[in-house]
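1. Next input, structure requested:
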Amino acid sequence: MMVIEIEFRSHVPIYLQIVEQVEHMVATGVFQPHDQLPTVRQLAAELRVNFNTVARAYRLLDETGVISTQRGRGTFVLEPMPPERARQLREVTLDGLARSFLADAAYKGFSPEEIAEATQPLLDRWQAEGAPPIADE
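-> This next block holds a predicted model:
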């Protein structure tokens, strides 16, 4: 059984919480290559979240090469990928997150200067403390 804990009050979207926890379980050996994960429906019912939320998380995990969903067979953990491929996927993921954040901020009317002024102190703090600032702080 997969133990994922969702923080419904978190500012981190639920699908990203699922992605991060599955990636952590794979990275720490809780899940081994070829292990089968619960179906989207099973996990959605277990977490009491919308089916589409889990489907989105699984889709992202599939796109990044962590899992493979095979219609009619299930969802399985993949073999670890070569370091160069993993690095490329990390870069693509970070680029997508950054673009999404900037597009959302621009849509809400923030200027590049305002965004830099708000984010730079948080980045500096993260570097100094070794852990990212928590959204609720």
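2. for the protein, what spans make up the helices?
-> Using DSSP state H, the helices found in the chain span residues 14-27, 40-47, 51-63, 83-107, 112-129.
3. which one of the ones you listed has the lowest average pLDDT?
-> If the helices of the chain are sorted by mean pLDDT, helix 83-107 sits at the bottom with a mean of 82.
4. for that helix, the distance to its chain's centre please.
-> 11 Å (Cα atoms, centre = their mean, to the nearest Å).
5. Equivalent analysis for stretch 34-50, please.
-> Per Cα atoms, centre = their mean, the centroid offset for stretch 34-50 relative to its chain is 16 Å.
6. Likewise for stretch 74-90?
-> Distance, centroid of stretch 74-90 to centroid of chain: 14 Å (Cα atoms, centre = their mean).
7. how is this protein carved up into domains?
-> 14-77, 83-129 (automatic domain parsing).
8. Using JSON lines, lay out those domains together with mean neighbour count and distance to residue 4.
-> The C-beta positions use only the backbone N, C-alpha and C, and glycine is treated the same way. Formatted as JSON lines, the domains of the chain follow (neighbours: other Cβ atoms under 10 Å; distance: least, Cβ to Cβ, whole Å):
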{"stretch": "domain 14-77", "mean neighbour count": "16", "distance to residue 4": "5"}
{"stretch": "domain 83-129", "mean neighbour count": "11", "distance to residue 4": "20"}
